[in-house]
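Visitor: sequence below, structure please.
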Amino acid sequence: MAKTRLRQSWLFVLAIALHNVPEGLAIGAAFAAGDGHSLAIGIAIQDMPEGFIVAMALIAAGYSRLFSISIGILSGLTEPIMAIVGATMMEVSTYLLPWGLAAAAGAMLFVISHEIIPESHRKGHEFYATNGLMLGFVLMLILDTAI
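Guide: Okay, the predicted model is just below:
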């Protein structure tokens, strides 16, 4: 049981770090195109809870608070690094960016569909997990059109 929890916690950390790859690429591309401020602000708003959730998952798995918070912060550092890569890719060739975004998004979708969604539907939590997913999706659509 403890080994499974550790594996799931680290898989979740990896999923969040992978999730930051396409976000960083998008921010870099937006800045290279001329205006990335609103996109960067929107993504930063949702990155804060992500880092907190990473830290909480590691604390629940038995890691110290300092270590867990450090990993939560480090999981978010993939985003500014990938923003630099995204801006550079736009300068080199605009044809490379969609391929990078597609690869990063595909990796994230695989982790979510293979591990996170099935885990959230265990132990009779299907209703809450599905409604939470739908509510989050609608909220992000609203924020996307408002910002």
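Visitor: who's in contact with residue 30?
Guide: Contacts were defined as Cβ atoms under 8 Å, 6 or more residues apart in numbering; by that measure residue 30 touches 36, 39-40. Any C-beta I mention is one placed from the backbone N, CA and C, and that applies to glycine too.
Visitor: at 10 Å what do you get?
Guide: 36-40, 43, 83, 86-87, 90 (Cβ atoms under 10 Å, 6 or more residues apart in numbering).
Visitor: again, but for residue 28
Guide: Residue 28 makes contacts with 36, 40, 79-91, 97, 100, as judged by Cβ under 10 Å, 6+ apart.
Visitor: same question, residue 20
Guide: For residue 20, the set of contacting residues under the criterion of Cβ under 10 Å, 6+ apart consists of 27, 43, 47, 50-51, 75-83, 104, 108.
Visitor: let me know the average pLDDT across stretch 39-59.
Guide: Averaged over stretch 39-59, pLDDT sits at 86.
Visitor: burial check on residue 72, number of neighbours?
Guide: When neighbours are counted by other Cβ atoms under 10 Å, residue 72 registers 22.
Visitor: I am finished for the moment; much appreciated.
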